[in-house]
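1. Attaching a predicted model along with its sequence, questions to come.
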Amino acid sequence: MGPMDRPRRLRTLPVMRDLVRETSVEARQLVLPAFVADGITEPRPIASMPGVEQQTLDTIRRVATDCAQAGLGGIMLFGVPEPHHKDANGSQAIADDGILNRAIAAVRSEVGDDLLVMSDVCLDEFTDHGHCGILDDKGRVLNDLTVMIYAQMARIHAECGAHVVAPSGMMDGQVAAIREELDDDDFTDVAILAYGAKYASAFYGPFREAVGSSLQGDRKTYQQDPGNARESIREVLADIEQGADMVMVKPALPYLDIIAKVREVVDVPLATYQVSGEYAMVEAAAANGWIDRDRIIDESLTSIRRAGADIVLTYWALEYAQRHARG
Ligand code: PBG
């Protein structure tokens with residue numbers, strides 16, 4: 001009879017567990033998504049995302065500095081225009097004084113190269129109908145026209161100082177069009193983080209309040225069906241072929257299987273987005289005293305990394321990094 005196997009031996013002491021832990025979550029791998037709103041003079045709380053606020057053009061500078069000091073990898077900027085500035089074409093997205101463009105410039109001038117400035121390339125924050133693209137007269141989202149606007153947006157973001165542009169609209173051909181536009185304008189160093197596999201998810205609910213968007217209809221003609229996994233492989237491979245430097249799976253925790261599958265077939269950095277609904281559920285349960293908030297946050301981030309994500313966008317990025325900073 002051989003010696004009895006005793007897996008508990010490796011669990012005896014904190015130092016032993018630390019030594020053998022396979023997965024860690026480091027500040028450098030985290031990106032904070034942040035909202036910058038036009039026409040406000042102080043940060044405005046988002047009711048459905050307790051602890052998250054819309055920032056002003058001024059206060060976002062401080063948030064970005066904190067991110068850099070905490071050692072985060074980046075900040076992902078979303079713009080929130082004033083309601084009366086939204087129109088059918090989302091024209092504020094490509095306006096010089098558009099809120100997102102000004103926010104990118106403000107943050108980049110604040111952090112320089114100490115933090116990656118990332119920008120959301122999508123129209124939904126800017127359109128009055130809330131869709132990610134331009135509609136035809138039947139209300140269908142027009143792919144190719146929308147892609148042309150995304151390319152312009154990405155170029156403007158690069159001009160404003162974005163290090164990384166992140167097309168999230170799930171239009172076909174968006175990555176190729178953006179890469180071409182950036183290269184034509186000598187922005188060959190600006191990286192593309194492509195939302196390769198983005199699902200039509202109810203987990204984005206609180207985000208709609210965060211960006212003041214009231215969507216007419218749904219996004220099922222461009223975002224993926226939650227029942228599909230193989231489709232995600234096709235989507236991310238197509239994005240890489242079009243020039244994506246990094247790809248994203250979104251949401252995160254309900255889609256760990258997708259993260260794991262995509263990780264097996266791609267060799268570019270894989271990001272995932274722990275979205276507003278994932279955040280809100282934990283905060284709501286914690287506010288009721290039903291769960292141990294900090295442990296749930298740490299465990300969910302660990303699980304997302306364990307599934308195979310290299311990079312995690314999370315509203316807890318700054319808090320996580322600060323809580324785990326070595327004193
Ligand atoms: C689209 C976009 C959305 C989110 C990020 N980018 C909303 C959507 O697709 O409906 C959701 C992020 C979150 O829920 O935290 N620009």
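-> Thanks, I have the structure now. Numbers count the residues shown, from 1 in each chain.

2. got a list of what residue 167 touches?
-> Each residue near residue 167 by Cβ atoms under 8 Å, 6 or more residues apart in numbering is listed here: 121-122, 150, 154, 174-175, 178, 192, 194-195. No exception for glycine: its C-beta is placed from N, CA and C like everyone else's.

3. what are the phi and psi angles of it?
-> phi -70, psi 120 (degrees, to the nearest 10).

4. Who is it paired with across the strands?
-> On the basis of DSSP bridges, residue 167 is bridged to residue 121.

5. Tally up the residues packed near the nearest residue to residue 323 once chain neighbours are set aside, please.
-> Excluding its sequence neighbours, the residue lying closest to residue 323 (Cβ to Cβ, 6 or more residues apart in numbering) is residue 294, at 6.9 Å. Number of residues near residue 294 (other Cβ atoms under 10 Å) recorded here: 13.

6. Double-check that residue 294 belongs to a helix.
-> Yes: counting by DSSP: H, G, I helix; E, B strand; the rest coil, residue 294 is found in a helix.

7. doesn't residue 320 make contact with it?
-> No: counting by Cβ atoms under 8 Å, residue 294 stays clear of residue 320, with 9.1 Å between them.

8. Closest residue of the stretch 1-150 of the chain to the ligand?
-> For the stretch 1-150 of the chain, the residue closest to the ligand is residue 122, as judged by Cβ to the nearest ligand atom, at 3.4 Å.

9. mind listing what the closest residue to residue 220 other than its chain neighbours touches?
-> Nearest residue to residue 220 in three dimensions, chain neighbours excluded: residue 200, at 4.8 Å (Cβ to Cβ, 6+ apart). Residues near residue 200 by Cβ under 8 Å, 6+ apart: 218-220, 223-226.

10. same thing but 6 Å
-> 219-220, 223 (Cβ atoms under 6 Å, 6 or more residues apart in numbering).

11. Let me know the pLDDT of the residue nearest to residue 323.
-> In the predicted model, residue 294 carries a pLDDT score of 98.

12. The one 3 residues further on too?
-> The per-residue pLDDT reported for residue 297 equals 98.

13. for the chain, what spans make up the strands?
-> In the chain, the strands defined using DSSP state E lie at 30-37, 44-45, 53-55, 74-80, 116-121, 134-135, 141-142, 164-167, 191-198, 246-250, 270-274, 311-314.

14. who does the fourth one touch, helix- and strand-wise?
-> Under the contact criterion of 3 or more Cβ pairs under 6 Å, 6 or more residues apart in numbering; DSSP states H and E, strand 74-80 touches strand 30-37, helix 99-111, strand 116-121.

15. Okay, angle between it and strand 270-274 too, please.
-> 50 degrees (axes from the mean of the first three to the mean of the last three Cα atoms, to 10 degrees).

16. strand partners of strand 74-80, parallel vs antiparallel please.
-> strand 30-37 (parallel), strand 116-121 (parallel).

17. can those strands go into CSV with extra columns for mean neighbour count and mean pLDDT?
-> As requested, the strands paired with strand 74-80 are arranged in CSV below (neighbours: other Cβ atoms under 10 Å; pLDDT from 0 to 100):
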stretch, mean neighbour count, mean pLDDT
strand 30-37, 25, 98
strand 116-121, 26, 98
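
18. near the ligand, which residues of this structure?
-> 120, 122, 124, 132, 168, 204, 207, 219, 275-276 (Cβ under 6 Å from any ligand atom).

19. Among those residues, which one has the most neighbours?
-> Neighbour-wise, the residues of the chain next to the ligand (other Cβ under 10 Å) top out at residue 122, 28 neighbours.

20. So that one sits against residue 170, correct?
-> No: the criterion here is Cβ atoms under 6 Å, and residue 122 misses it with residue 170 at 8.9 Å.

21. which secondary structure elements does the longest helix along the chain contact?
-> Looking across the chain with DSSP state H, the single longest helix is helix 143-160. Here helix 143-160 is seen to pack against helix 99-111, strand 116-121, strand 164-167, helix 174-184 when contacts are counted using 3+ Cβ pairs under 6 Å, 6+ apart.

22. Output the below-cut-off pLDDT ranges for the stretch 1-150 of the chain.
-> Counting by pLDDT under 70, the stretch 1-150 of the chain contains low-confidence residues at 1.

23. ok, 90 please
-> Applying pLDDT under 90 to the stretch 1-150 of the chain picks out residues 1-4.

24. Please save the CA atoms from stretch 151-159 in PDB.
-> Extracted C-alpha coordinates of stretch 151-159, given in PDB (Å, rounded to 0.1, in the frame of the first residue of the first chain):
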ATOM      1  CA  ALA A 151     -13.400  54.800 -37.800                       C
ATOM      2  CA  GLN A 152     -13.700  58.500 -37.500                       C
ATOM      3  CA  MET A 153     -14.300  58.300 -33.800                       C
ATOM      4  CA  ALA A 154     -11.300  56.100 -33.300                       C
ATOM      5  CA  ARG A 155      -9.100  58.600 -35.200                       C
ATOM      6  CA  ILE A 156     -10.400  61.500 -33.100                       C
ATOM      7  CA  HIS A 157      -9.800  59.500 -29.900                       C
ATOM      8  CA  ALA A 158      -6.200  58.900 -31.100                       C
ATOM      9  CA  GLU A 159      -5.800  62.600 -31.800                       C
END
